[in-house]
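1. Need a 3D model of the sequence below.
(2 chains)
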Amino acid sequence: MTGENKKVLVEIRDLDVRYQTRLGPVSAVDDVSFDIFQGEILGLVGESGCGKSTMGKALMRLLPPTTEIRGKVIFDGADVLTFNEDQIRDFRGRRISMIFQDPMTSLNPVQRIDEHLVETIQVHEPEIKKPAALDRIRGLVERLGIQKERIEDYPHQLSGGMRQRVMISLGLVLNPSLIIADEATTSLDVIVEAKFLDELREIIDEFGVSILVITHNIALVAELADRIAVMYAGRIAELGSIYHVFDNPVHPYTKGLLQSVPSIKLDEREVLYKMPGEPPNLTHPPSGCRFHPRCPEVMPICSNHMPSLLHVTSEQMVNCWLYQDHPEKDRPTIEVAT
Amino acid sequence: MNDQINEKPRSDGTLVEVRDLKKHFPVQAGLLERLMAKRIEYVRAVDGVSFVIHKGEVLGLAGESGSGKTTTGKLVIRLEEPTEGSVKFDGIDLQTLGDEEMRRLRRRMQVIFQDPMASLNPRMTIGQAVGHPLQIHFPEQAGSHREMIYEILDKVGLSPPQFFIDKYAHQISGGQRQRVVIARALVTQPDLVLADEPIAMADVSVRALLLDLMIQLKNEFNLTYLFITHDLATAKYICDRIGIMYLGKLSEVAELREVYSHPLHPYTQALLAAVPVPNPHKRRTQPMPVGEIPDAIHPPSGCRFHPRCPIVRLDHCPKVEPELRELRPGHFVACHYAEQFL
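-> Numbers count the residues shown, from 1 in each chain, chains lettered A, B, ... in the order given. Model (predicted):
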């Protein structure tokens, strides 16, 4: 999929998110800007603590009130960060919805599936009567491969894969434009996960919705996404079409990360790249580029100045001094061939 | 007293021999059900498993959740008592040992669990945690404990040791914590290490280093690993042989390269196909088997995979339980019709 003829659904601009903690402010998302296109699957990958879940929550305004948020999240022309309580309530569910990691803790154990779905519809569309809501629900769950009788069950009566499908139907029932799937397959076994991926692809085809897949699992993004955004320590390190980034990663972090992903293919990448160090603690992030203490290509400028996320080709953006000019740089800037 | 316990491993090449191992957990019944004397049901977590672990090898046990791989691991080092069957460790039948003999034998079999934060006592320093097994197994050498702790911390890459020894678990990073757990398992110089999802909690960029460390330590200390994992991609980098479990049974066992290149069981084939490939040009296109892993209280009759199997023959598979058969040298598979994949 190419970027040219795509309509932008969400514009995220200069987003900063800071949590106040006992140990001081934590800069979980730092100066992040990117777009989400209509009808695309965008994979947001990163390691624990890189700020990817915070990103997802910021888009839905689900962060605790003490959190400092700056920047803009423009969804269909309106800035979500300026919405009042009534506006945000209407926005969530109807325009944007979320599928969380663990269906067992997201579903109410004493509420039947149909009651939960009806409630979701009626909260947002109070004029819809129960029978009409149930009709809509039956149609939806059957499309997702749940027999319609099963919606009268309680969550514990369903298998893990069925519960995850219920979570998808909750996400889809109000016809949102964007679904955020935050580690939505992490608690699933591989075969169930593979089926879940097939379902997500079908949803895109049928409903035309955009999906932001937030995950630590890079192989999963390779299976599923149209574009990938790689996050490190609160910033986007690299962003681009899935084929470009996997075929020709340019950020040293992306390069290392892709070479450290295990694969089951024999004779393929038999030796994993051993990245030195561990992701930083964001109460005291490293100065300059936050990856510089682990970077094999580190230059003097990297610890002094922060690079920006800039295009290196029409399909790929990178946040790294190797590809950007600066008067203090002592090495020539690398051009990326298209 | 069994004098074999402290002997060095024998030299016939087999360290662990597991035969017809079963573990059935009773399902907790409510008061009403108990009063009505309803028959107790059992979860057949492990239901007749036999295999050997050779000295110096890494045997992987892989499967989905509920396949019984973790319970099998615990049975091998007798953290669970088997319902039936036997485990021989270095020729010693574990069931014949008393508590004191078992305690002494535990020096030679150690364990690494998934979550290092849950495995470490938050009120013990790293030095105390790593030294604890020494107090239990080598109390007479108390004078040299500190030296042994320093040495093992250094070996697992926590150097300089004096920087870590007085820290608490919450003061170090996740990768360092798992190194502490590895150090604690190795400080008694065991022969067998049960590693149950040892790197599943670690971030991708940290995993490769931990895997590498485990391989390096295995070679240095002549260790044997029983490596339990749900992640077939990770298993490729450490296991010599691998057993695939499904609903309490082994469905296939062979050398890892053999299983990955010529999977003979339809379940193994599905499992391998389902693993996402980190290459967008090679996306999976084949369909997945129907349904999900059934509950282990009422496993399907005959071959347990038959309700989901793409090559099922209904006149035979639901009736007769397949045995593990050696279809290629060293390659065992429990399927009536696996010959077609040879």
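2. switch to C-alpha atoms for all contacts and neighbour counts from now on
-> Noted.
3. For burial, what's the neighbour tally of the closest residue to residue A:98 other than its chain neighbours?
-> Spatial nearest neighbour of residue A:98, excluding adjacent residues (CA to CA, 6 or more residues apart in numbering or on different chains): residue A:180 at 4.6 Å. Neighbours of residue A:180 under the rule other CA atoms under 10 Å in any protein chain shown: 24.
4. quick one: residue A:180 from chain B, how far?
-> Distance, residue A:180 to chain B, using CA to the nearest CA, to the nearest Å: 20 Å.
5. Report the contact partners of residue A:257.
-> A:273, A:275, B:204, B:205 (CA atoms under 8 Å, 6 or more residues apart in numbering or on different chains).
6. ok, so of those residues, who is nearest residue A:31?
-> The shortest approach to residue A:31 among the contacts of residue A:257 belongs to residue B:205, at 23.6 Å (CA to CA).
7. which ones are touching the closest one?
-> Residue B:205 touches A:47, A:256, A:257, A:260, A:274, A:275, A:278, counting by CA under 8 Å, 6+ apart.
8. Next, give me the two most distant ones among those.
-> Greatest spatial distance among these (CA to CA): A:47 and A:274, at 14.9 Å.
9. Which one of the two is surrounded by more residues?
-> For the pair residue A:47 and residue A:274, the greater number of neighbours falls to residue A:47 (23 against 19), based on other CA under 10 Å.
10. How much space separates that one from residue B:171?
-> Distance of residue A:47 to residue B:171, given as CA to CA, to the nearest Å: 20 Å.
11. before we move on, what about residue A:127?
-> On the measure of CA to CA, residue A:127 and residue B:171 end up 55 Å apart.
12. re earlier: quick one: which of the contacts of residue B:205 sit in helices?
-> A:256, A:257 (DSSP state H).
13. For the contacts of residue B:205, give me TSV that also has distance to residue A:122 and pLDDT.
-> Formatted as TSV, the contacts of residue B:205 follow (distance: CA to CA, whole Å; pLDDT from 0 to 100):
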residue	distance to residue A:122	pLDDT
A:47	38	90
A:256	48	94
A:257	45	93
A:260	47	90
A:274	52	88
A:275	50	89
A:278	47	85
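14. In strands, which of the contacts of residue B:205 appear?
-> If you go by DSSP state E, the contacts of residue B:205 have nothing in strands.
15. Enumerate the residues of the stretch 51-200 of chain A near chain B.
-> A:159, A:161, A:189, A:190, A:191, A:192, A:193, A:194, A:195 (CA under 8 Å from any CA of the partner chain).
16. Just the buried subset of those residues, please.
-> By neighbour count, with 16 or more other CA atoms under 10 Å in any protein chain shown, those hold A:161, A:189, A:190, A:191, A:192, A:193, A:194, A:195 as buried.
17. For chain B, what is the nearest residue in chain A?
-> residue A:219 (3.9 Å; CA to the nearest CA).
18. you'd agree that residue is in a helix?
-> Yes - judged by DSSP: H, G, I helix; E, B strand; the rest coil, residue A:219 forms part of a helix.
19. and the closest residue to it other than its chain neighbours, what does it touch?
-> Residue nearest to residue A:219 in three dimensions, not counting chain neighbours: residue B:278, with 3.9 Å by CA to CA, 6+ apart. Contacts for residue B:278 (CA under 8 Å, 6+ apart) come out as A:218, A:219, A:220, A:221, A:222, A:223, A:258, A:261, A:263.
20. per-residue confidence for the second one?
-> For residue A:219, the model assigns a pLDDT of 93.
21. Roughly how far does it sit from residue A:187?
-> Distance from residue A:219 to residue A:187, by CA to CA: 16 Å.
22. These two - which one has more neighbours?
-> Between residue A:219 and residue A:187, counting by other CA under 10 Å, residue A:219 is the more crowded of the two (20 against 16).
23. Show the residue spans covered by the strands in the stretch 51-200 of chain A.
-> Here the stretch 51-200 of chain A has its strands, by DSSP state E, counting those that start in this stretch, at A:68-75, A:78-79, A:96-99, A:178-182.
24. As TSV, those strands with mean pLDDT would be great.
-> Formatted as TSV, the strands of the stretch 51-200 of chain A follow (pLDDT from 0 to 100):
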stretch	mean pLDDT
strand A:68-75	95
strand A:78-79	94
strand A:96-99	91
strand A:178-182	93
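25. Including distance to residue B:116, could the ones you listed go into JSON lines?
-> Compiled in JSON lines, those are given as follows (distance: least, CA to CA, whole Å):
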{"stretch": "strand A:68-75", "distance to residue B:116": "32"}
{"stretch": "strand A:78-79", "distance to residue B:116": "42"}
{"stretch": "strand A:96-99", "distance to residue B:116": "28"}
{"stretch": "strand A:178-182", "distance to residue B:116": "24"}
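26. For residue A:309, find the nearest of these.
-> That would be strand A:68-75 among the strands of the stretch 51-200 of chain A, by CA to CA, at 15.7 Å.
27. That closest one packs against which elements?
-> Applying 3 or more CA pairs under 8 Å, 6 or more residues apart in numbering or on different chains; DSSP states H and E, we find strand A:68-75 packed against strand A:8-21.
28. So which bits of the strand it packs on are buried?
-> Of the residues in strand A:8-21, those buried (16+ other CA under 10 Å) are A:8, A:9, A:10, A:11, A:12, A:13, A:14, A:15, A:16, A:17, A:18, A:19.
29. Go through stretch A:75-87 and flag the buried ones.
-> So stretch A:75-87, judged by 16+ other CA under 10 Å, has buried residues A:75, A:80, A:81.
30. same question but for stretch B:149-163, I mixed them up
-> Within stretch B:149-163, the residues that count as buried by 16+ other CA under 10 Å are B:149, B:150, B:151, B:152, B:153, B:155, B:156, B:158, B:161.
31. What about residue A:284, how many residues nearby?
-> Residues near residue A:284, counting by other CA under 10 Å: 12.
32. Quick check: phi and psi on it?
-> When read as degrees, to the nearest 10, the backbone of residue A:284 gives phi -130, psi 70.
33. Mind checking what secondary structure the nearest residue to it once chain neighbours are set aside has?
-> For residue A:284, ignoring the flanking residues on the chain, the nearest one in space by CA to CA, 6+ apart is residue A:26 at 7.8 Å. Here residue A:26 is recorded as strand under three-state DSSP.
34. host element of residue B:233?
-> Assigned by DSSP states H and E, residue B:233 belongs to helix B:232-235.
35. Now that helix: average pLDDT?
-> The model assigns helix B:232-235 a mean pLDDT of 93.
36. and the helix or strand following that helix, C-alpha only, in PDB?
-> Using DSSP H and E, the helix or strand that directly follows helix B:232-235 along the chain is strand B:241-246. The C-alpha trace of strand B:241-246 is given here as PDB (Å, rounded to 0.1, in the frame of the first residue of the first chain):
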ATOM      1  CA  ARG B 241      15.800 -32.400  20.600                       C
ATOM      2  CA  ILE B 242      12.200 -31.400  21.100                       C
ATOM      3  CA  GLY B 243       9.000 -33.000  22.200                       C
ATOM      4  CA  ILE B 244       5.700 -31.600  21.200                       C
ATOM      5  CA  MET B 245       2.900 -32.100  23.700                       C
ATOM      6  CA  TYR B 246      -0.800 -32.000  23.200                       C
END
